[in-house]
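# need the 3D shape of this:
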Amino acid sequence: MKEIHILLVEDNEGDIVLTLEALKEGKIRNKVTIARDGAEAIDLLLSRKNGQQDEPMPDLILLDINLPKMDGKEVLSIIKKTPDLKNIPVVMLTTSSSEKDILESYSNHANCYITKPVGLEKFMQVLRAIEHFWIHIVSLPVIK
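Okay, here's the model as predicted:
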């Protein structure tokens, strides 16, 4: 199985650790790059797009909404309006269950919206399900 490159855009250290642990438990070869705010995520994506980084574009983006510097909705909008980035699947993974946030995310072409569950075991189950679906079931586009 090909290695998948995931961009995790998350500012909560606890959620970063849990996400990395869940991905590690899946025993799937993947590379995870972490951006701790929205501006850092856009900088990483645009520097890769412009060939300023040796690493390839991510195959999948896990994006929180509540981020410092630039929120996840703004990041999503920029990604989906940028021709070289718009085909990267974006999973909104956030604590917000607001109908407004859900509608706005889908209006900006999020590939799915998942509200982070409360509780360690449920959070780990959700991350395993994300990994299973996006790595084992769907075919991801090759982004150069």
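# residues contacting residue 25?
By C-beta atoms under 8 Å, 6 or more residues apart in numbering, the contact list for residue 25 reads 124, 128. Heads up, the C-betas are built off the backbone N, CA and C, glycines and all.
# and residue 24, by the same measure?
By C-beta under 8 Å, 6+ apart, no residues touch residue 24.
# got the phi and psi for it?
Main-chain torsions, residue 24, degrees, to the nearest 10: phi -70, psi -40.
# any idea how far residue 43 is from it?
Separation of residue 24 from residue 43 (C-beta to C-beta, to the nearest Å): 26 Å.
# of all residues in the protein, which one is nearest the centre?
Nearest to the mean C-alpha position of the chain, by C-alpha atoms, centre = their mean, lies residue 62 at 1.4 Å.
# could you tell me the phi and psi values at that residue?
According to degrees, to the nearest 10, residue 62 has phi -100, psi 120.
# okay, residue 4: pLDDT?
pLDDT, the model's per-residue confidence, is 81 for residue 4.
# what does residue 53 give?
65.
# helices of the chain, residue ranges please.
13-25, 38-49, 72-81, 99-107, 120-131 (DSSP state H).
# under the pLDDT cut-off, which ranges of the protein? List them.
Under the criterion pLDDT under 70, the flagged ranges of the chain are 1-2, 26-29, 49-54, 143-144.
# switch the cut-off to 90
1-6, 14-15, 17-32, 46-57, 59, 84, 93-97, 115-144 (pLDDT under 90).
# burial of residue 107, as a residue count?
Using other C-beta atoms under 10 Å, residue 107 has 12 other residues around it.
# same check on residue 23?
Counted with other C-beta under 10 Å, residue 23 comes out at 22.
# list the contacts for the residue nearest to residue 126 when sequence neighbours are not counted?
In space, and not counting its chain neighbours, residue 126 is closest to residue 117: 5.8 Å by C-beta to C-beta, 6 or more residues apart in numbering. Each residue near residue 117 by C-beta under 8 Å, 6+ apart is listed here: 123, 125, 126.
# thinking again about what came up before, of all the helices of the chain, which one comes closest to residue 141?
Ranking those by proximity to residue 141 (C-beta to C-beta) places helix 72-81 first, at 13.5 Å.
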